[in-house]
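>>> Quick one, what's the 3D model for this:
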Amino acid sequence: MRISAYCFTNRGGRDHNEDSVRCFAGEGWGVFVVADGLGGHGKGEVASALAADILFQGCLDSTPGHEDLLELFQRANETVMSGQGEPGQEEMKTTAVVLSIGGDRAVWGHIGDSRLYRFSGGTLTQETRDHSVTFMKYLGGEISYMDICHDDDRSSLLRALGKLPCKPEAGQADLLPGDAFLLCSDGFWEYVYREEMLADLLKSETPEQWARNMLLRQIRRTPERNDNFSLICVFVEEL
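Numbers count the residues shown, from 1 in each chain. Sure, this is the predicted structure:
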């Protein structure tokens with residue numbers, strides 16, 4: 001199968017961009033990472049870059065299985081925590097989501113609230129569960145799915161790289177021609193709803209077109225001091 005992708009990252013209304021994006025699409029395989037350094041914890045851009053590099057290179061070196069990917073997250077966590085020994089980096093942390101495609105199989109993992117959506121069989125599904133207080137409120141029935149984007153606790157994360165215990169989650173699925181994936185940070189998904197993601201996908205012929213259609217929605221809605229935002233769109237097509 002042919003893998004194609006388009007990635008985009010922007011500092012939004014902030015002074016600098018703490019997101020890190022890594023993207024490789026080859027013949028029949030690909031590796032994609034979005035990491036979102038936590039604002040207010042100091043040097044989030046350093047934490048996200050360290051984590052993204054470990055996850056990206058690890059997947060490039062050897063197509064990981066489910067357990068392999070979880071071990072890569074542990075390595076990334078150790079690297080970020082080691083970097084906390086440098087002055088000014090003592091509290092740095094980051095979220096991360098990674099997608100590895102090899103042959104007819106996709107494997108993904110995440111920690112924090114950076115997300116992976118998967119389109120297959122006519123349905124767009126959020127494959128990752130945010131590790132946040134807000135998402136726990138949703139699972140407990142306290143708020144609706146739509147309320148997640150606006151809840152006051154949405155920035156209160158329960159898991160991230162840069163602290164112990166490190167508890168990522170991973171998933172996997174068989175690939176079919178016509179499948180598509182979206183990786184994104186919370187600065188993006190808070191302003192573009194799942195139904196809109198699907199509508200824009202169905203009228204797009206390339207990953208770049210899908211991304212641009214969604215970004216047009218996002219930029220109309222974001223406040224002046226909006227967070228950094230990043231996304232990677234991935235198409236799986238028959239050769």
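>>> only C-alpha atoms for contact and neighbour calcs from this point on.
OK.
>>> all strands for the chain, in order.
2-10, 19-25, 29-37, 94-102, 105-111, 115-120, 123-126, 169-174, 180-184, 229-237 (DSSP state E).
>>> quick one: which of those is nearest A76?
strand 94-102 (9.7 Å; CA to CA).
>>> For the strands of the chain, give me TSV that also has distance to D61.
Supplementary listing: the strands of the chain in TSV, determined by distance: least, CA to CA, whole Å:
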stretch	distance to D61
strand 2-10	18
strand 19-25	12
strand 29-37	10
strand 94-102	11
strand 105-111	15
strand 115-120	22
strand 123-126	27
strand 169-174	19
strand 180-184	21
strand 229-237	20
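>>> could the ones you listed be laid out in JSON lines, adding distance to L69, mean neighbour count and mean pLDDT?
Below are those laid out as JSON lines (distance: least, CA to CA, whole Å; neighbours: other CA atoms under 10 Å; pLDDT from 0 to 100):
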{"stretch": "strand 2-10", "distance to L69": "20", "mean neighbour count": "19", "mean pLDDT": "95"}
{"stretch": "strand 19-25", "distance to L69": "16", "mean neighbour count": "22", "mean pLDDT": "96"}
{"stretch": "strand 29-37", "distance to L69": "12", "mean neighbour count": "29", "mean pLDDT": "96"}
{"stretch": "strand 94-102", "distance to L69": "9", "mean neighbour count": "28", "mean pLDDT": "97"}
{"stretch": "strand 105-111", "distance to L69": "7", "mean neighbour count": "24", "mean pLDDT": "97"}
{"stretch": "strand 115-120", "distance to L69": "15", "mean neighbour count": "20", "mean pLDDT": "97"}
{"stretch": "strand 123-126", "distance to L69": "19", "mean neighbour count": "15", "mean pLDDT": "96"}
{"stretch": "strand 169-174", "distance to L69": "7", "mean neighbour count": "16", "mean pLDDT": "96"}
{"stretch": "strand 180-184", "distance to L69": "16", "mean neighbour count": "25", "mean pLDDT": "98"}
{"stretch": "strand 229-237", "distance to L69": "19", "mean neighbour count": "24", "mean pLDDT": "96"}
